[in-house]
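Visitor: Any chance you could fold what I've pasted below:
(one chain, ligands or ions: 2)
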Amino acid sequence: MLPQVTATRYVTPLREGGSLPGLMEADDFGTYVVKFRGAGQGRKALVAEVISARLARVCGLLVPDLVAVDLDPGLAAGEPDQEIQDLLRASGGLNLGVDFLAGAVDFDAAAAGVSGELAGRIIWFDALVSNADRSWRNPNMLFWREGLYLIDHGATLTYQHRWESAGAAAGRRYDIADHALVGCAPWIEDADRLLADRITPEVLREAVAAVPDEWLEPEPGLDRPAAVRQAHVRQLTARLENREAWLTGLREMASQPGLPRREAAAPVRPFWLTPSPRRRTIGSGGTTTRNPPRIPPGETIPRNPPRIPPGGTTPRNPPRIPPGGTTPRNPPQDGEVAR
Ligand SMILES: Nc1ncnc2c1ncn2[C@@H]1O[C@H](COP(=O)(O)OP(=O)(O)OP(=O)(O)O)[C@@H](O)[C@H]1O
Ligand SMILES: [Mg+2]
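Guide: Ligands and ions are numbered 1, 2, ... in the order given. Next comes the predicted model:
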């Protein structure tokens, strides 16, 4: 079961999110991105979030911690915005809390270097859970500290929206033409070799056991939460057993010529802020250094960047953003992933 906390304050809406998630504080002094049970996507989106996040972790991928947030609809009274008031009123009971990664930077397909190894594992995982929401337009990945975090798994496990035809979903191809990481030369084969054995029946049972009963709505033929849980385990087991059917598609697409190979953008920061040799390429557990920054012989990166003298001004020519590059919303701080 997910750890449970009680919401104490609604802080602000996250307007980018289609499901109108909100930032909330809870009685454990944590701050969470809360996905509401009363949102248009419904409770099944929360079920998908929990199961997929568990499976992502088993695949060695980073996801923020999840909690169940008990919400008193009375908190709606203090909200001036009518839409948010309605959402809070419709969401009494347990909602999903995603640990808020303060200072995280949205993934930018054009600017980030992700190793083929990591891209392979993410794509393999997305194919397993049929994630409809990891396109380059809406990658649902965040850079935080030195890692790449996966978020927003509400649009996975789409078979649960039509249990009658779920059987056909087990071997369905997964289209990666628009996937955010298709241009990173994903190692699909290695991911399959590494991950398929990790998704055991025990792992699947643990993943579905984490979902609160009250999100598992009765379905025709699945009248109790335990029956819905079993149906998820059966479905994901069948997906895994049928994986040759979807792996073939992944291999073909990943090796197609002409797929966008998005290269890391040229550095846009002053030389003294270029990545230190201690910084690593993301991937392979964050331990490999794919392209360590080259330092010309005899030159060192100064430990303390030159200070702007009192009364001094910022450089007249600000760093240029390369064609196709974007300005990060929160520029990386020292110690974060180089972009
Ligand atoms: N745990 C988190 N920490 C920091 N920022 C987050 C977190 N979760 C979400 N965000 C920010 O909020 C935005 C919306 O979140 P998310 O994608 O989960 O919501 P959604 O309603 O499912 O969105 P979508 O419109 O993609 O369906 C993200 O793009 C990200 O910028
Ligand atoms: Mg999203």
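Visitor: Low-confidence stretches in the protein?
Guide: 110-112, 257-339 (pLDDT under 70).
Visitor: any idea how far the residue lying closest to C184 once chain neighbours are set aside lies from ligand 1?
Guide: For C184, ignoring the flanking residues on the chain, the nearest one in space by CB to CB, 6 or more residues apart in numbering is A119 at 3.7 Å. Heads up, the C-betas are built off the backbone N, CA and C, glycines and all. Distance, A119 to ligand 1, using CB to the nearest ligand atom, to the nearest Å: 19 Å.
Visitor: Ok, L62 next?
Guide: 11 Å.
Visitor: ok, what's across the strand from that residue?
Guide: Y149 (DSSP bridges).
Visitor: Does it touch L150 like I think?
Guide: Yes: between L62 and L150 a contact is recorded at 6.7 Å, counting by CB atoms under 8 Å.
Visitor: I figured L61 hits F125, correct?
Guide: Yes: the criterion here is CB under 8 Å, and L61 meets it with F125 at 6.2 Å.
Visitor: Tell me which of those two has more neighbours.
Guide: F125 (25 against 21; other CB atoms under 10 Å).
Visitor: Which residue comes closest to the more buried one once chain neighbours are left out?
Guide: C59 (4.7 Å).
Visitor: List the contacts of the closest residue to W215 other than its chain neighbours.
Guide: Distance criterion CB to CB, 6+ apart; nearest residue to W215, sequence neighbours excluded, is R43 at 4.2 Å. If you count contacts by CB atoms under 8 Å, 6 or more residues apart in numbering, R43 has them with R37, E214, W215, L216, E217.
Visitor: ditto for L128
Guide: L55, I199, L236, R239, L240, R243.
Visitor: and with 10 Å instead?
Guide: 52, 55-56, 59, 156-157, 174, 192, 195-196, 199, 236, 239-240, 243, 246 (CB atoms under 10 Å, 6 or more residues apart in numbering).
Visitor: And it, how far from ligand 1?
Guide: 20 Å.
Visitor: again with R57
Guide: 15 Å.
Visitor: With just CA atoms, put the host helix or strand of that residue into CSV.
Guide: Using DSSP states H and E, R57 sits within helix 43-58. Output of helix 43-58 as CSV, limited to C-alpha atoms (Å, rounded to 0.1, in the frame of the first residue of the first chain):
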residue,chain,number,x,y,z
ARG,A,43,-9.4,7.2,-10.8
LYS,A,44,-8.1,4.8,-13.5
ALA,A,45,-5.4,7.4,-14.3
LEU,A,46,-4.3,7.2,-10.7
VAL,A,47,-4.2,3.4,-10.8
ALA,A,48,-2.0,3.6,-13.9
GLU,A,49,0.3,6.1,-12.2
VAL,A,50,0.9,3.8,-9.3
ILE,A,51,1.4,0.5,-11.1
SER,A,52,3.6,2.0,-13.8
ALA,A,53,5.8,3.9,-11.4
ARG,A,54,6.4,0.7,-9.5
LEU,A,55,7.4,-1.1,-12.7
ALA,A,56,9.6,1.8,-13.8
ARG,A,57,11.6,1.4,-10.5
VAL,A,58,12.0,-2.3,-11.1
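Visitor: Heading C-terminal from that helix, find the next helix or strand.
Guide: strand 66-71.
Visitor: What is that following strand packed up against?
Guide: Packing partners of strand 66-71 (3 or more CB pairs under 10 Å, 6 or more residues apart in numbering; DSSP states H and E): strand 4-13, strand 22-26, strand 31-35, helix 43-58, strand 93-99.
Visitor: Report how many residues lie close to the residue nearest to F125.
Guide: Count around C59 with other CB under 10 Å applied: 20.
Visitor: Who are the contact partners of it?
Guide: Per CB under 10 Å, 6+ apart, neighbours of C59: 121-122, 124-126, 128-129, 150, 191, 194-195, 198-199.
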